[in-house]
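Novice: compute the structure for the input listed below.
(one chain, ligands or ions: 1)
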Amino acid sequence: MKVLVTGVTGQLGYDCVQELERRGIEVRGVASRDFSLTDHAAAKRYIETYRPDVIIHCAAYTAVDKAEDEQEICEAINAEGTRNLAKIAQELAAKMIYISTDYVFPGDGERFYEPADKKEPQNAYGLSKLHGEEAVQELVEKYFIVRISWVFGINGRNFIRTMLKLAETHDTLTVVDDQIGSPTYTHDLAVLLADMAQSDKYGVYHATNEGVCSWAELAAETFRQAGRKVTVTPVPSSAYPTKAVRPKNSRMSKDCLEAAGFHRLPAWQDAVGRYLHELNSKAE
Ligand SMILES: NC(=O)c1ccc[n+]([C@@H]2O[C@H](COP(=O)([O-])OP(=O)(O)OC[C@H]3O[C@@H](n4cnc5c(N)ncnc54)[C@H](OP(=O)(O)O)[C@@H]3O)[C@@H](O)[C@H]2O)c1
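Specialist: Model (predicted):
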């Protein structure tokens with residue numbers, strides 16, 4: 001089996017390549033230095049030469065606030081770029097794993113979203129990712145769509161890293177506590193994605209670490225486990241206006257994983273602990 005992973009210079013793509021290599025699977029990680037997702041001819045040339053059996057599509061335009069001002073660029077990468085990859089995957093009869101987001105949902109209420117629930121993105125990034133999902137479902141026979149949220153991994157910037165950096169200069173931090181969701185450690189997700197790549201249990205899935213929290217709780221748990229004496233003061237989202245609307249409810253049901261025989265990811269607190277350990281090991 002040969003696997004092509006897009007977004008290797010990002011958080012998730014990096015860990016996917018690591019996990020597949022650990023399993024002894026032939027894998028090639030690519031980023032915009034290899035081809036841009038907006039250059040459809042270059043993408044087709046590259047992928048048809050490599051001829052993967054599986055494409056794990058982690059690359060995306062991920063600057064959520066900037067996307068409000070750059071909607072065309074965001075659509076070109078996340079929607080049209082994905083449509084192009086989907087066509088190529090189908091031509092090669094390859095499996096395609098498309099990484100999507102909780103932002104495809106309206107984000108209201110308190111219930112856990114099921115994969116087939118109504119989609120109603122509240123920002124330009126979410127809409128572009130939904131268009132990517134639609135292209136994959138329309139064009140690819142052997143597809144997985146995997147929605148994730150609140151991502152952190154060793155190869156990139158994320159909320160936990162930002163909090164640790166701020167902790168160097170602050171002993172009190174105000175953090176939003178009215179957005180509820182689940183963090184996703186890319187190291188854990190990569191294990192599941194590799195399992196999916198080796199299976200034929202196609203479909204739409206949600207995959208995050210287990211349990212839910214607010215950003216304030218995630219910050220407090222990070223400081224507790226890192227041994228940092230920082231007081232987290234919870235504040236509402238209205239105290240931190242952002243260009244793109246963020247969903248208040250990012251709870252996603254993962255029952256779909258068990259139903260298909262996949263393992264759920266470990267609890268988010270456990271993932272934070274292992275991530276801090278990974279950061280420390282890298283720093284040494
Ligand atoms: N981060 C989150 O909190 C979050 C939440 C939910 C879902 N997701 C989804 O999870 C996936 C992985 O996210 P991540 O945080 O790992 O992303 P990331 O760290 O921001 O990395 C993005 C990757 O996409 C590549 N890329 C961007 N534009 C490209 C283009 N035009 N052509 C080719 N490659 C391009 C980048 O390559 P270059 O370095 O070469 O530009 C980079 O490798 C994405 O699909 C994202 O939408 C993320």
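
Novice: C-alpha only now, for contacts and for neighbours.
Specialist: Fine.

Novice: next one, pLDDT for residue 247 please.
Specialist: Looking at residue 247, its pLDDT reads 95.

Novice: what's the local residue count around the closest residue to it other than its chain neighbours?
Specialist: Distances taken as Cα to Cα, 6 or more residues apart in numbering place residue 107 nearest to residue 247, at 4.3 Å, with adjacent residues excluded. Residues lying near residue 107 (other Cα atoms under 10 Å) number 25.

Novice: so residue 107 touches residue 249, yeah?
Specialist: Yes - with contact defined as Cα atoms under 8 Å, residue 107 reaches residue 249; the gap is 4.5 Å.

Novice: so which residues on the chain come close to the ligand?
Specialist: In this structure, the chain approaches the ligand at residues 7-13, 31-33, 36-38, 58-62, 77, 99-101, 148-151, 156, judged by Cα under 6 Å from any ligand atom.

Novice: mark which of those residues are buried, thanks.
Specialist: Among the residues of the chain next to the ligand, those scoring as buried are 7-13, 31, 37-38, 58-61, 77, 99-101, 148-151 (criterion: 16 or more other Cα atoms under 10 Å).

Novice: now do the same end-to-end measure for stretch 178-196.
Specialist: Stretch 178-196 has an end-to-end distance of 33 Å (criterion: Cα to Cα, to the nearest Å).

Novice: what do you get for stretch 59-71?
Specialist: 17 Å.

Novice: list the contacts of that stretch.
Specialist: 6-8, 10, 13, 31, 73-74, 77-78, 123-125, 242-244 (Cα atoms under 8 Å, 6 or more residues apart in numbering).

Novice: the residue of the stretch 151-284 of the chain found nearest the ligand: what's it in contact with?
Specialist: For the stretch 151-284 of the chain, the residue closest to the ligand is residue 151, as judged by Cα to the nearest ligand atom, at 3.9 Å. By Cα under 8 Å, 6+ apart, the contact list for residue 151 reads 158, 183, 184, 185, 186.

Novice: the fourth one and residue 209 touch, don't they?
Specialist: Right, residue 185. Yes - Residue 185 is within contact range of residue 209, at 6.9 Å (criterion: Cα under 8 Å).

Novice: show me the contacts for the closest residue to residue 111 other than its chain neighbours.
Specialist: Among residues not flanking residue 111 along the chain, residue 251 sits closest, at 6.8 Å (Cα to Cα, 6+ apart). Counting by Cα under 8 Å, 6+ apart, residue 251 touches 110, 111, 112, 113, 180, 181, 182, 212.

Novice: 10 Å - rerun?
Specialist: 102, 105, 107-114, 149, 179-182, 206, 208, 211-213 (Cα atoms under 10 Å, 6 or more residues apart in numbering).

Novice: now the residue in the stretch 51-200 of the chain that the ligand sits nearest to, what's its secondary structure?
Specialist: Here the residue of the stretch 51-200 of the chain nearest the ligand is residue 59; by Cα to the nearest ligand atom that distance is 3.3 Å. With DSSP: H, G, I helix; E, B strand; the rest coil as the basis, residue 59 sits in coil.
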